[in-house]
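Enquirer: Test case, fold it:
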Amino acid sequence: MSTPIPTSPTTVIVPPSAARVIRAFGDEVTVLLSGQETGGKYSMFSLITPPGGGPPPHQHQNEDEWFWVLEGRAEFFKDGAWNAVPVGSSVFTPRGVVHTFRNAGDTPLRMMMHTAPSGFETFFSRCADEFARSAPPDMARIVAIAAEHGIHFSTR
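Expert: Prediction:
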């Protein structure tokens, strides 16, 4: 169930029962606020990453991202090196900067994640459709979907 985009400024409340859960890349993303609720200004998610999980290095052409580490052992890739990021820390990654994170622990990594403007939820949902197929996901298709959303993977 989606809340319509407000036509005039108003408070939007999304109860837990209305949050959409998306699974792809081994992660579980719960969409707490989508572009639908924010007029496209930003999106807000809770993110659960299993031990050893995390995306390959990549950059966003369209979105800035920030994270708040809630639980687990997070490491973020910054300036060519991995950095331990303790619980309670915040991380900001502007668009155009190669970045990634990983769960360096043996329990689930839980974070809050925001993107501005919105749109990341559409990318992740499209990838989830690929991961939900009975066959393994077509990674060439995943890379193509990412490119359509201005997300490019890096070998750095």
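Enquirer: Wasn't C127 part of a helix?
Expert: Yes. Residue state for C127 (DSSP: H, G, I helix; E, B strand; the rest coil) corresponds to a helix.
Enquirer: burial count for the residue nearest to it when sequence neighbours are not counted?
Expert: With sequence-adjacent residues excluded and distances taken as CB to CB, 6 or more residues apart in numbering, C127 is closest to A24, at 4.3 Å. Placement of C-beta: from N, CA and C, glycine included. Neighbourhood size, A24 [other CB atoms under 10 Å]: 19.
Enquirer: Over to A135?
Expert: 6.
Enquirer: cool, D129 as well?
Expert: 13.
Enquirer: State the distance from it to A147.
Expert: Look at D129 and A147: by CB to CB, to the nearest Å, they are 16 Å apart.
Enquirer: circling back: ok, the residue nearest to C127 touching M139?
Expert: No. With contacts counted by CB atoms under 8 Å, A24 stays clear of M139, the gap being 12.0 Å.
Enquirer: can you list contacts of the host helix or strand of N83?
Expert: If you go by DSSP states H and E, N83 is part of strand 81-85. For strand 81-85, contacts defined as CB atoms under 8 Å, 6 or more residues apart in numbering pick out V69, R73, A74, E75, F76, F77, V91, F101, R102, A104.
Enquirer: Could you dump those into CSV with distance to V31, neighbour count and pLDDT added?
Expert: Output for the contacts of strand 81-85, formatted as CSV (distance: CB to CB, whole Å; neighbours: other CB atoms under 10 Å; pLDDT from 0 to 100):
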residue, distance to V31, neighbour count, pLDDT
V69, 19, 20, 98
R73, 25, 17, 98
A74, 21, 25, 98
E75, 25, 18, 98
F76, 22, 19, 98
F77, 25, 21, 94
V91, 20, 18, 98
F101, 19, 26, 97
R102, 22, 18, 97
A104, 26, 16, 98
